[in-house]
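Asker: Quick one, structure for this:
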Amino acid sequence: MEQYAIKGGNPLVGEVEIGGAKNAALAILAASIMTDETVLIENMPDVRDTNVMMQAMESIGAVIERIDRHTVKISGKAIRDLAIEDDYIKKIRASYYLLGALLGKYNKAQVTLPGGCNIGLRPIDQHIKGFRALGADVRIEHGLIIAEAEKLKGGHIYMDVVTVGATIDVMLAASMAEGQTIIENAAKEPHVVDVANFLNSMGASIKGAGTDVIRIKGVNRLHGTEYAIIPDQIEAGTFMFAAAVTKGDVTVKNVIPKHLESISAKLMEIGCEVEESDDAVRVVAAKPLTHTHVKTLPYPGFPTDMQPQITVALGLSKGTSIVTESIFENRFKYVDELTRMGASIKVEGNTAIIDGVSKYTGASISAPDLRAGAALVMAGLAAEGTTLIDDIKFIERGYEDFHLKLQGLGAQIEKVNSERELQKFRLKTG
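Answerer: Numbers count the residues shown, from 1 in each chain. Have a look, this model is predicted:
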């Protein structure tokens with residue numbers, strides 16, 4: 001079984017290039033099959049989730065050609081099957097985007113109920129409510145979500161909670177519904193805007209993405225396009241906090257600094273220097289880190305996907321910090337692993353109370369999910385001694401070449417597959 005072996009103690013120094021946003025890519029992939037013409041997508045992250053999504057799309061007849069590692073050409077013209085019961089697709093949460101895309105184009109779809117990281121309940125009730133408001137009949141049978149309509153018609157939808165998944169899913173379906181759709185209390189995340197821009201480049205008429213009211217005028221058909229996905233704000237944020245915990249100096253390149261403002265603000269609050277330029281952010285951690293409080297919130301608030309990373313940093317900060325998780329109820333499962341490394345964290349419900357310690361020490365730990373896995377890698381980089389991390393498949397769901405990018409910043413980290421490889425790593429790193 002593949003593991004990451006990490007020898008901690010080296011400050012990360014240098015530049016790192018950020019890839020395309022995984023969460024935008026998954027929805028854009030689904031949207032690409034809403035036209036019979038060819039779509040070219042650039043800056044596609046080569047991660048497990050996007051590869052699973054493409055496999056699922058091919059299983060129903062989409063033709064996908066990889067031009068290079070980060071560029072794909074997609075044709076949805078030959079799609080005949082509107083049922084996705086692929087075992088792979090159960091593993092990713094964003095499979096539901098295929099429901100919105102197929103329902104919008106063909107007025108019918110059925111998709112296996114989604115999976116993804118086990119970080120708490122992520123109900124799809126708002127998706128169902130949205131599709132019903134567009135006139136679809138939606139039911140769950142035999143582990144499948146089945147949606148069909150004679151004809152989709154625009155509707156007025158008020159989301160009970162701010163939800164990125166349902167906002168995008170309803171936007172996909174509504175872009176080819178008859179008449180106007182209004183989504184109120186819509187999610188404002190950068191990837192919602194990116195998907196709207198992608199659909200508009202295909203001839204959709206979507207206004208207001210990035211605000212809490214999105215207005216969509218349905219069109220009869222969508223056409224081909226060429227489009228580049230935005231940079232991944234969570235990958236960028238992870239490297240920014242990795243600089244903080246290792247007392248490093250890292251320039252994160254190919255980013256949109258505006259998307260990183262809540263992350264930059266917290267880094268400055270705990271004592272880091274943050275310098276922004278047009279498409280890069282530099283984080284320097286020259287001083288000891290200090291405590292703060294943080295609460296995860298929908299964008300533009302502090303992202304839930306950055307909660308484990310800031311917790312790892314606050315675990316090494318002077319004083320007592322409080323982290324409140326307001327999005328997912330099961331997102332502190334990694335705390336037990338961090339405690340093995342010497343952290344002093346007490347979890348009460350959706351709140352973690354963190355007493356800063358002077359150092360972490362290496363241990364054998366497991367990644368419980370994607371973002372927590374990346375955060376535990378950061379802890380290993382800051383720790384004294386060697387850390388071994390199991391279940392790195394979770395991390396590979398959303399980070400491309402994670403260990404190689406870290407090596408480029410001076411980290412002592414390797415992917416090992418056997419006891420022999422681990423011994424070689426231990427000998428090499430002393």
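
Asker: tell me what the worst-scoring helix or strand of the chain on mean pLDDT is packed against?
Answerer: Among the helices and strands of the chain, strand 83-84 carries the lowest confidence by mean pLDDT, DSSP states H and E, at a mean of 84. The helices and strands touching strand 83-84, judged by 3 or more Cβ pairs under 8 Å, 6 or more residues apart in numbering; DSSP states H and E, are strand 108-112. The C-beta positions use only the backbone N, C-alpha and C, and glycine is treated the same way.

Asker: quick one: which helix or strand includes Q309?
Answerer: According to DSSP states H and E, Q309 maps onto helix 307-314.

Asker: got the angle for the helix or strand following the least confident helix or strand of the chain vs strand 108-112?
Answerer: Sequence order places helix 96-106 as the next helix or strand after strand 83-84, per DSSP H and E. Between helix 96-106 and strand 108-112, the angle comes out at 170 degrees (axes from the mean of the first three to the mean of the last three Cα atoms, to 10 degrees).

Asker: Mind listing what's buried along helix 96-106?
Answerer: Within helix 96-106, the residues that qualify as buried are Y96, Y97, L98, L99, G100, A101, L102, L103, G104, K105, counting by 16 or more other Cβ atoms under 10 Å.

Asker: again with stretch 413-430
Answerer: Residues of stretch 413-430 classed as buried by neighbour count (16+ other Cβ under 10 Å): I413, E414, V416, L422, F425, T429.

Asker: Stretch 43-55 now?
Answerer: Judged by neighbour count using 16+ other Cβ under 10 Å, the buried positions of stretch 43-55 are N43, M44, P45, D46, V47, R48, D49, T50, N51, V52, M53, M54.

Asker: do stretch 146-159 as well
Answerer: Per 16+ other Cβ under 10 Å, stretch 146-159 contains these buried residues: I146, A147, E148, A149, L152, K153, G154, G155, I157, M159.

Asker: And for stretch 9-28?
Answerer: By neighbour count on 16+ other Cβ under 10 Å, the buried set for stretch 9-28 is 9-13, 16, 18-28.

Asker: Ok, stretch 275-294 next?
Answerer: Buried residues in stretch 275-294, counting neighbours by 16+ other Cβ under 10 Å, are found at A280, V281, R282, V283, V284, A285, L289, H291, T292, V294.

Asker: Need the nearest residue in space to the second one, chain neighbours excluded.
Answerer: Closest residue to V281 apart from its sequence neighbours, by Cβ to Cβ, 6 or more residues apart in numbering: V252 at 5.0 Å.

Asker: so that neighbour bridges to which residues?
Answerer: On DSSP bridges, the residues paired with V252 through beta bridges are V16, V281.

Asker: I'd guessed it sits against L12; true?
Answerer: No. V252 is beyond contact range of L12, at 10.7 Å (criterion: Cβ atoms under 8 Å).

Asker: residues contacting S262?
Answerer: Y299, P300, G301, F302, P303 (Cβ atoms under 8 Å, 6 or more residues apart in numbering).

Asker: where's it, which helix or strand?
Answerer: helix 261-269.

Asker: buried residues in that helix?
Answerer: Buried, per 16+ other Cβ under 10 Å, within helix 261-269: S262, I263, S264, K266, L267.

Asker: same thing with stretch 385-396?
Answerer: G385, T386, T387, L388, I389, D390, D391, I392, F394, I395, E396.

Asker: cool, and stretch 328-346?
Answerer: By 16+ other Cβ under 10 Å, the buried positions in stretch 328-346 come out as 328, 331-335, 337-343, 345.

Asker: Also stretch 373-384?
Answerer: G373, A374, A375, L376, V377, M378, A379, G380, L381, A382, A383.
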